[in-house]
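# how does the following fold in three dimensions:
(one chain, ligands or ions: 1)
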Amino acid sequence: MKILVTGGLGFIGSHTVVELQEKGFEVVIVDDLSNSTIEVMEGITAITGKRPIFEKLDLKEKDKVEDFFRRHKDIVGVIHFAASKAVGESVEKPLLYYENNINTLVYMLKSVLNLDASNFIFSSSCTVYGQADTMPITESAPIKPAESPYGNTKQIGEEIIQDTCKVYSEFKAIALRYFNPIGAHPSANIGELPIGVPQNLVPFITQTAAGIRQQLSVFGNDYPTPDGTCIRDYIHVVDLAKAHVVALQRLLENKNTSNFEVFNLGTGKGSSVLEAIEAFEKVSGEKLNYTFAPRRPGDVIQAYADTSKANEVLGWKAKSTLDDAMLSAWNWEKKVSNI
Ligand code: UD1
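Presented below is the predicted three-dimensional model:
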């Protein structure tokens, strides 16, 4: 069965391609290489022994998207990762984010509706909940006004898909709301490749330990949490990738109970920034140079998932611990930094 993975050379995309191939799916990757490199193909091939089909495609080019789908009518499922994801940049360049994340989604959906089998998995985010009123966060928690254009694109994206599902009963979609994906493949053949200064915690930690960054700033130690730092639900990217395969299989086997479903993907366990640092230091044996800095605007105090819906309905559960994820992230960093 042929599956299209957009953004398949990115961080979560590449790990999902590996899991799909390991389950016997034939994978076609499209990626515009704006935030990824073609070398990721080698990493995927080294792990699975199978080279996925790759086409460089910018999904903003509507005609090329249509042409792509005309040539690949036998696609039975689409996992749509391709999107811009830097929160700060989205505030500076809102139209770029609406164009990259919304226009492209509309073009994709129009083409997917023309396929014989329209099964669609969408990359959403826990950012849609904002600062949720109760922890852990269930899928029925209210959607809060978005803090950034990036967050808004995830909310609008879900709405666009939901509206589409209402009128096209043959179209089936699942939105997966990720908590904080971290780590790398245990083989250290693929991992996160941030361009420039990392905005996210774990790549900043590993680059600091590798000597690329001088010091990690811990944004805020006066939050109303046990140690004063923010709490997040860090999930190993391989666990996350496996959830995509399970969600896709649910659609392919017509096991969905509605043609639009939403699942939280997290571990269910909240960890503070200091606990994340501690886990890194323990598994790496490195002492991390960090300092406390002011709060970062837009950060929520805490966000961790109630994962019962994914556990019970999808039959999926995150298996890796924070320690496992940190170790894999460190092994990957050592490889890319030649340590
Ligand atoms: C962010 C985005 C989220 C996106 C996710 C993955 C916001 C508000 N949310 O999540 O929408 O889906 O990235 O791309 O930006 N931290 C430090 N020092 C650092 C970096 C981070 O202390 O140098 C802290 C943050 O304050 C936060 C935690 O580490 O408490 C995690 O931060 P980060 O990895 O950036 O993820 P989120 O902000 O949770």
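# where exactly do the helices run in the stretch 201-339 of the chain?
Counting by DSSP state H, counting those that start in this stretch, one finds helices in the stretch 201-339 of the chain at the ranges 201-209, 237-252, 273-284, 308-309, 322-336.
# export these to JSON lines and tack on mean neighbour count and distance to the ligand?
Just so you know, the C-beta spots here come from the backbone N, C-alpha and C atoms, and that holds for glycine as well. Converted to JSON lines, those look like this (neighbours: other CB atoms under 10 Å; distance: least, CB to the nearest ligand atom, whole Å):
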{"stretch": "helix 201-209", "mean neighbour count": "23", "distance to the ligand": "4"}
{"stretch": "helix 237-252", "mean neighbour count": "23", "distance to the ligand": "11"}
{"stretch": "helix 273-284", "mean neighbour count": "19", "distance to the ligand": "5"}
{"stretch": "helix 308-309", "mean neighbour count": "14", "distance to the ligand": "19"}
{"stretch": "helix 322-336", "mean neighbour count": "21", "distance to the ligand": "12"}
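# what would these look like in a markdown table with distance to residue 218?
Shown next, in a markdown table, are the helices of the stretch 201-339 of the chain (distance: least, CB to CB, whole Å):
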| stretch | distance to residue 218 |
| --- | --- |
| helix 201-209 | 9 |
| helix 237-252 | 23 |
| helix 273-284 | 5 |
| helix 308-309 | 31 |
| helix 322-336 | 16 |
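# mean pLDDT for those - can I get that in CSV?
Below are the helices of the stretch 201-339 of the chain laid out as CSV (pLDDT from 0 to 100):
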stretch, mean pLDDT
helix 201-209, 98
helix 237-252, 98
helix 273-284, 98
helix 308-309, 98
helix 322-336, 98
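# out of those, flag the one nearest residue 70.
Comparison of the helices of the stretch 201-339 of the chain against residue 70 by CB to CB identifies helix 237-252 as nearest, at 22.4 Å.
# distance from that closest one to the middle of the chain?
Helix 237-252 sits 12 Å away from the centroid of its parent chain (CA atoms, centre = their mean, to the nearest Å).
# ok, now stretch 183-199?
The chain centre lies 13 Å from the centre of stretch 183-199; the measure is CA atoms, centre = their mean.
# what does that stretch rub up against?
Around stretch 183-199, the neighbours that count as contacts under CB atoms under 8 Å, 6 or more residues apart in numbering are 11, 14-15, 18, 35-37, 40, 42-44, 46-47, 86-88, 182, 200, 202-204, 207, 213, 236-238, 320, 324-326, 328-329, 331-336.
# 6 Å instead?
Residues from elsewhere that reach stretch 183-199 (CB atoms under 6 Å, 6 or more residues apart in numbering): 11, 14, 43, 46-47, 86, 203-204, 236-237, 325, 328-329, 331-332, 335.
# can you pick out the most distant pair from those residues?
Farthest apart among the contacts of stretch 183-199 by CB to CB are 46 and 86. That separation is 28.4 Å.
# between the two, which has more neighbouring residues?
residue 86 (18 against 14; other CB atoms under 10 Å).
# please name the residues that touch the more buried one.
The contact partners of residue 86, by CB under 6 Å, 6+ apart, come to residue 199.
# quick check on it: phi, psi?
phi -90, psi 120 (degrees, to the nearest 10).
# please enumerate the strands of the stretch 51-200 of the chain.
Assigned by DSSP state E, counting those that start in this stretch, the strands in the stretch 51-200 of the chain fall at 53-56, 75-80, 119-125, 172-178, 180-182.
# looking at those strands, which is nearest to residue 307?
strand 172-178 (10.7 Å).
# show me how far the closest one is from its chain's centre.
The chain centre lies 11 Å from the centre of strand 172-178; the measure is CA atoms, centre = their mean.
# for stretch 251-260, same thing?
Stretch 251-260 sits 22 Å away from the centroid of its parent chain (CA atoms, centre = their mean).
# which other helices and strands does the helix or strand of the chain with the lowest mean pLDDT contact?
Lowest on mean pLDDT, DSSP states H and E among the helices and strands of the chain sits helix 87-92, with a mean of 94. In this structure, helix 87-92 makes packing contacts with helix 149-167, judged by 3 or more CB pairs under 6 Å, 6 or more residues apart in numbering; DSSP states H and E.
# in the helix it packs on, what's buried?
149-158, 160-161, 164-165 (16 or more other CB atoms under 10 Å).
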